[in-house]
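Student: Everything below, folded, please.
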Amino acid sequence: MWDKINVYQYQQFAEALKETDPIEQNVKLIAILNNWTINQVDQLSVERYIAEKEKLKFLSEEITGKPVRFIKVGKKRYRCIYDIRKIPAARYIESKHFLGDYVGNLHKLAASMVIPQKRFLFWFVNAKYDASRHEEYSQDMLEAKISDVYQSVVFFYHVYRNWIEVSKVYLVRELSKEMTKDQAIEVVANLISSMDGSIAPKLLPITKIAEFRKRMN
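Tutor: Numbers count the residues shown, from 1 in each chain. Alright, predicted model coming up:
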């Protein structure tokens, strides 16, 4: 089922799993899964409700897949950038900010590691990344498949974290083009510290998943 879930639904699942009442939690999860309202779930027959609740078992499963080269959203396409050297220095700083809430900001993190593409005749070519349109790119990422975005972001940030460790001098030099050297050194130190263990193998809260399994059983 994960391959049918988009990033926005995933984020909603994470919020719904914070619900302490098991019945309310199930109602919210069913509504999110089907893009229904709470009232629509309340109107379900007992048989249909049980059937829909059974579908939720995939939430306790790992998001499978692998990093992708392209993320498709409707007729739009974005190319994932895994070569850290091709990312503008200013985007390192915004990434650190988004890591404060990596589930809630997953779409923004994804928007910081892609380049929009445009159709040219029968194929796509890279378009210029416009930082002022980051919010637009982020909104597109909300509609992308979570299996694509999740795997790509996790892979990117493992590479990112390792690269920062071994490229401190280079990164300070690049950031110094936009700020003082002391500020650049501080940013790099903060990046290393904030990224340590920030991307978990599973982004949904593990404790909530464990509770959810019990309730489903």
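
Student: Test my guess that residue 160 contacts residue 83.
Tutor: No - at 10.7 Å, residue 160 does not count as touching residue 83 under the criterion of CB atoms under 8 Å. C-beta coordinates here come from the backbone N, C-alpha and C atoms, glycine included.

Student: Which one's more surrounded, the two?
Tutor: Shown here are residue 160 and residue 83; by other CB atoms under 10 Å, residue 160 has more neighbours (20 against 8).

Student: How far away from the center of its chain is the helix or strand hosting the more buried one?
Tutor: Element membership of residue 160, judged by DSSP states H and E, is helix 146-166. The chain centre lies 11 Å from the centre of helix 146-166; the measure is CA atoms, centre = their mean, to the nearest Å.

Student: Tell me the confidence at residue 145?
Tutor: The score at residue 145 is 95. That number is its pLDDT.

Student: Distance check, it against residue 159.
Tutor: Residue 145 sits 21 Å away from residue 159, going by CB to CB, to the nearest Å.

Student: which one of those two has more residues nearby?
Tutor: Just comparing residue 145 and residue 159: by other CB under 10 Å the higher neighbour count belongs to residue 145, 20 against 15.

Student: show me the contacts for that one.
Tutor: 3, 4, 5, 6, 7, 71 (CB atoms under 8 Å, 6 or more residues apart in numbering).

Student: Check the gap between the fifth one and residue 183 for me.
Tutor: When CB to CB is the yardstick, residue 7 and residue 183 sit 32 Å from each other.

Student: Looking at the two, which is more packed in?
Tutor: Taking other CB under 10 Å, residue 7 and residue 183 do not tie; residue 7 has more neighbours (26 against 13).

Student: what sits against the more buried one?
Tutor: Per CB under 8 Å, 6+ apart, neighbours of residue 7: 106, 107, 110, 141, 142, 143, 144, 145, 146, 149.

Student: For the second one, which non-adjacent residue is closest in space?
Tutor: Beyond its immediate neighbours in the sequence, the residue positioned closest to residue 107 (CB to CB, 6 or more residues apart in numbering) is residue 141, lying 3.9 Å away.

Student: would that neighbour count as being in a strand?
Tutor: No - read with DSSP: H, G, I helix; E, B strand; the rest coil, residue 141 is helix and lies in no strand.

Student: hang on, the earlier thing: just the buried positions in the helix holding residue 160, please.
Tutor: Neighbour-count burial for helix 146-166, counted by 16 or more other CB atoms under 10 Å, picks out 146-157, 160-161, 164.

Student: what angle sits between the helix or strand that it is followed by and helix 146-166?
Tutor: Counting by DSSP H and E, the element after helix 146-166 in chain order, helix or strand, is helix 168-175. Helix 168-175 runs at 110 degrees relative to helix 146-166, counting by axes from the mean of the first three to the mean of the last three CA atoms, to 10 degrees.

Student: For helix 168-175, enumerate the helices and strands it packs against.
Tutor: helix 90-98, helix 181-195 (3 or more CB pairs under 8 Å, 6 or more residues apart in numbering; DSSP states H and E).

Student: Domain map for the chain?
Tutor: Using automatic domain parsing, the domain ranges for the chain come out as 2-62+204-216, 70-195.

Student: Tell me how far the first one lies from the chain's centre.
Tutor: Between the centre of domain 2-62+204-216 and the centre of its host chain there is 19 Å, according to CA atoms, centre = their mean.

Student: Point out where this structure drops to low pLDDT.
Tutor: 88-97, 99-100, 164, 191-217 (pLDDT under 70).

Student: Kind regards, and thank you for your time.
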